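**Q** build me a model from this:
(chains A and B)
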Amino acid sequence: MKNSYDIIIIGGGPAGLAAAISAYDNGVKDILILEREPQLGGILNQCIHNGFGLARFKESLTGPEYAERFIDGVVERNIEYLTKTTVLSVSEDKKVTAINEDEGVFTVSGKAIVLSMGCRERSRGALNVAGTRPAGVYSAGTAQKYVNILGYMPGKSVVILGSGDIGLIMARRMTLEGAKVHAVCEIMPHSSGLKRNIVQCLDDFDIPLYLNHTIINIEGKTRVTGVTIAQVDENKRPIKGTEKHFDCDTVLFSVGLIPENELSKTAGVELSPRTKGAVVDQSRETSVDGIYACGNVLQVHDLVDFVSEEAEIAGKFAADYVLNGKKDKKTVETVCGANVSYVLPQKINVLDKENVKLFFRVNKVIKNCTVKVTCNGETIATKKKKISVPGEMETALILANKLGSLNGELTVSVEGEL
Amino acid sequence: MIRELTCVECPMGCKITVKEENGVKEFSGYSCPRGKMYAENEIVDPKRVVTSTVKLVGGGVLPVKTDAPVSKKEMFKVMEVINSITVSAPVKTGDVIKENVYGANIISAKTVK
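**A** Model (predicted):
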């Protein structure tokens, strides 16, 4: 194995694969992808449901089908990759230390690095749910791996906490495989999953969704035997007298995803407290020269189509860095205005000559709203939306011809009927 | 009669309203032809693509899907058929695993060498 590459890509999921292909097509052929799992494709391998690729391919693919198109792209280009290889650290001078069965511990250096490690699920421990500690409590993604990759059913009688998309998808999946899903509880007054998943995963199977509800107790000595749920008040405190009990043997948690940035930290990459991912400009370059980030490690996406799009940007600019060196930069920051919880990229290089798509989320449901991007009181971009919800990422386009005139913070706000 | 539907064709999840008066149906709220078709189907015979896995000889599972939507009320029967299937590698994405199951074919959603 070589000990240096032009670009090293950490993670062979949808982001890493798209970044690799894009870097290759933009002129850099000397690329290494490092992947922890035995196969490329990342989380898509266990997402066997359909609905992927509608934006990109105009057809409804399953996760493995979507992944295969990009894996094929990597293989056709003879891009090098190692599976079953865990990266241990990434240094600021772009040396990657990793471990696998064949090489032991080894270090490779890259001229540029793309961080595409994805995200991990919030666990029971992160929420401090009361009760005993029996077997049968899983994150929804873990249950998904059991059912869809390993072929085991983790339980027969299920209560799900959290209405994230993976939880909703697993409600349907477990039901189709013969389990009884009693309820999905969501502490917020709205679902955090896509509307279509409420319809096709819950409504289709008459699975009740309890909004403003949480699990207040998990019971069972060796295995889960039941849970108690209760309604919560506006301060998210359980309301006495609203308790409901379900006998069940399994509890799934679908309570949010956190970008997996342990390696970004070893490289000294600046992280945003809002996104929990790297601070980047529109090229997806982090605070460290030549280190780029894309996909769920940068911001948690709802749709893989957007992950691919973002990764292609990172791959293209990583290639540009290798071929042409450091870019001249003059940046302005993007900030959250009314009802916006984060904006990405956090910095805009005003010397760049291409349109910039801003990604952001609202922090509450807003109807008949206007999205506005302003700079020193001047409107830079605006659009109208029928409805905007926290569970769905929004975008706004800054036209290339506006970039030169930006002379201060860009504020993104969404106002309408609350 | 008025029915409110949420389209599941794409992540936009458009709210479609179906007004029915004297047998005449009027659709509004959809933003593409797929959405209108979804609503037309949904009020007569809702259909869904079923995705699942089948056993692979030698261990593991293979993701599969129906190559067309099947009637919602037949979904569990389709699952019964899927759960009775065992496949051996090699198999390619798109290969027909079982023909004509409640009006659709069960096809492989992954290539296994």
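**Q** could you list every residue that touches the closest residue to residue A:24 other than its chain neighbours?
**A** Among residues not flanking residue A:24 along the chain, residue A:77 sits closest, at 4.9 Å (CB to CB, 6 or more residues apart in numbering or on different chains). The way it works is simple: take the backbone N, C-alpha and C, and place the C-beta from them, glycine included. Neighbouring residues of residue A:77 by CB atoms under 8 Å, 6 or more residues apart in numbering or on different chains: A:20-21, A:24, A:29.
**Q** how about residue A:51?
**A** A:60, A:196, B:10-11 are the contacts of residue A:51 under CB under 8 Å, 6+ apart.
**Q** ok, the residue nearest to residue A:24 to chain B distance?
**A** With the distance defined as CB to the nearest CB, to the nearest Å, residue A:77 ends up 18 Å from chain B.
**Q** please see if the longest helix seen in chain A touches chain B.
**A** Ranked by residue count under DSSP state H, the longest helix found in chain A is helix A:304-324. No. Applying CB under 8 Å from any CB of the partner chain, one finds helix A:304-324 separated from chain B by no less than 8.9 Å.
**Q** and the host helix or strand of residue A:68 with helix A:304-324, angle?
**A** Under the criterion of DSSP states H and E, residue A:68 resides in helix A:63-76. Going by axes from the mean of the first three to the mean of the last three CA atoms, to 10 degrees, helix A:63-76 is angled at 20 degrees with respect to helix A:304-324.
**Q** following helix A:63-76, which helix or strand comes up?
**A** Next along the chain after helix A:63-76, taking DSSP H and E as the criterion, comes strand A:80-82.
**Q** which parts of the helix or strand following that following strand are buried?
**A** Using DSSP H and E, the helix or strand that follows strand A:80-82 towards the C-terminus is strand A:86-90. Neighbour counts over strand A:86-90 (16 or more other CB atoms under 10 Å in any protein chain shown) mark A:87, A:90 as buried.
**Q** can you name every helix or strand that strand A:86-90 contacts?
**A** strand A:95-100, strand A:104-115, helix A:262-266 (3 or more CB pairs under 8 Å, 6 or more residues apart in numbering or on different chains; DSSP states H and E).
**Q** partner strands of that strand, parallel or antiparallel?
**A** According to DSSP bridges, strand A:86-90 forms sheet pairs with strand A:95-100 (antiparallel).
**Q** may I see the buried residues of the partner strand?
**A** Buried residues in strand A:95-100 (16+ other CB under 10 Å): A:95-96, A:98, A:100.
**Q** and those as a markdown table, adding pLDDT?
**A** A markdown table is the format used below for these (pLDDT from 0 to 100):
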| residue | pLDDT |
| --- | --- |
| A:95 | 98 |
| A:96 | 98 |
| A:98 | 98 |
| A:100 | 97 |
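**Q** report the two of these separated the most.
**A** A:95 and A:100 (16.7 Å; CB to CB).
**Q** relative to chain A, which residue of chain B is the closest?
**A** The minimum distance from chain B to chain A, using CB to the nearest CB, falls at residue B:13 (3.1 Å).
**Q** how long is stretch A:85-105 from one end to the other?
**A** 10 Å (CA to CA, to the nearest Å).
**Q** mind listing residues that contact it?
**A** A:1, A:8, A:10, A:34-36, A:82, A:84, A:106-113, A:115, A:263-264, A:266-268, A:288, A:290-291.
**Q** averaged pLDDT, stretch A:110-123. What do you get?
**A** Across stretch A:110-123, pLDDT averages out at 96.
**Q** mind listing what's buried in that stretch?
**A** For stretch A:110-123, the neighbour count (16+ other CB under 10 Å) marks A:110-122 as buried.
**Q** between the residues you listed, which is nearest chain B?
**A** Nearest to chain B among the buried residues of stretch A:110-123: residue A:119, at 18.5 Å, using CB to the nearest CB.
**Q** which residues does that closest one contact?
**A** Contact analysis of residue A:119 by CB under 8 Å, 6+ apart lists A:257-260, A:296-297, A:300.
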